[in-house]
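S.K.: what would the 3D arrangement of this be:
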Amino acid sequence: MKGIHVLLAAVIASELVGCKSSEWGAPVPPASSQEDIDAIVKQFSEAMLIDEYYNDPSTEARNRFVAARLTVTNLRYIQFVKTLTTNKQLLDSATEILTMGLGVAGTVVGATDAKSVLAAVSASVSGAKISIDKNFYYEKTIPALVAAMNASRKEILVTIMKGTVSDLEVYPFEKAVADLHEYYFAGTLLGAIQSIQTDAGVKEAKHSVEIAKLAPVTVGNRDLIMKLTDAIGRLQAADLSKARKALSSLDATKANLTDLGAIANGLQDEIEKALSSGDKVGSGLRKIKTAFEKAGIQL
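M.R.: Prediction:
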């Protein structure tokens, strides 16, 4: 009896796991992705082989290889994305039905040991579902990962497409193979996560530089900036020699300027340079202050 009850549970499970949905937010296609893949593989079975290229190296052989590999990779990627977007729903539904079915089976078999077996199977299935839910299938995460995969694949596809209109000397077969491997990896969850991490790293580095520029502008630095700017704004024709002396000490290439407006702009540029010097903002501003003082410009 115990064997029969275990078999009953196994049959229920296998029937549910074996269920396939023909719907994933679209009508049933005229042919399955696997059928398309089988046809492509049959058509390009030789062209897809690396050895075949080296039997007769040419631009045409390279492009046949790239076209075949790209097509199969794209079809399998579609299969993969369809699985990602439907598996959680199917898993939830199948698991719930399986659990209910096991519960019903447990009430009719009668024997205590059989009930224990069925309860154990039910607990195992429910536990597996909970584990998957917690560790992977987050509904809001999958679209973001698929979007990252699509973006990365398009970026690499541009390189491949440009390569196929180039001669072998410009786009060697070996580079095409490497790009195809990269294209495949971009369509994996690990590739998507790495892409997201890379984008985040670039953004973090960019903002870190901006923060580094802003952080050193302390209250004291801000007051000094205001004093220097006000002093530049008060410059008159009589202050020409003083202003030129201050600017030439900061930038020797502008020592011959004679227009007060140009000199004032040059002094303001020096303040901007100091503000963009990261953690050296304070020392840059003090250098300008010293130049003003030596030239006799009142702050």
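S.K.: okay, now the unreliable bits of the stretch 51-200 of the chain?
M.R.: Counting by pLDDT under 70, the stretch 51-200 of the chain shows low-confidence ranges at 85-140.
S.K.: tell me where it has helices.
M.R.: Under the criterion DSSP state H, counting those that start in this stretch, the stretch 51-200 of the chain contains helices at 59-109, 112-135, 141-164, 173-186, 189-214.
S.K.: so what secondary structure elements neighbour the shortest one?
M.R.: Same thing as helix 173-186. Applying 3 or more Cβ pairs under 8 Å, 6 or more residues apart in numbering; DSSP states H and E, one finds that helix 173-186 makes contact with helix 59-109, helix 141-164, helix 189-214. Glycine gets a C-beta too; all of them are placed from N, C-alpha and C.
S.K.: let's see that with 6 Å instead.
M.R.: Helix 173-186 sits against helix 59-109, helix 141-164, with contacts defined as 3 or more Cβ pairs under 6 Å, 6 or more residues apart in numbering; DSSP states H and E.
S.K.: tilt between it and helix 141-164?
M.R.: Interaxial angle, helix 173-186 versus helix 141-164 (axes from the mean of the first three to the mean of the last three Cα atoms, to 10 degrees): 170 degrees.
S.K.: mind exporting the C-alpha coordinates of helix 173-186 to CSV?
M.R.: What follows is helix 173-186, C-alpha atoms only, in CSV (Å, rounded to 0.1, in the frame of the first residue of the first chain):
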residue,chain,number,x,y,z
PHE,A,173,36.9,35.4,-37.5
GLU,A,174,38.4,35.1,-34.0
LYS,A,175,36.9,38.5,-33.1
ALA,A,176,33.5,37.4,-34.4
VAL,A,177,33.6,34.2,-32.3
ALA,A,178,34.6,36.3,-29.2
ASP,A,179,31.8,38.8,-29.8
LEU,A,180,29.3,35.9,-30.2
HIS,A,181,30.3,34.5,-26.9
GLU,A,182,29.9,37.9,-25.3
TYR,A,183,26.5,38.3,-27.0
TYR,A,184,25.4,35.0,-25.5
PHE,A,185,26.7,35.9,-22.0
ALA,A,186,24.8,39.2,-22.2
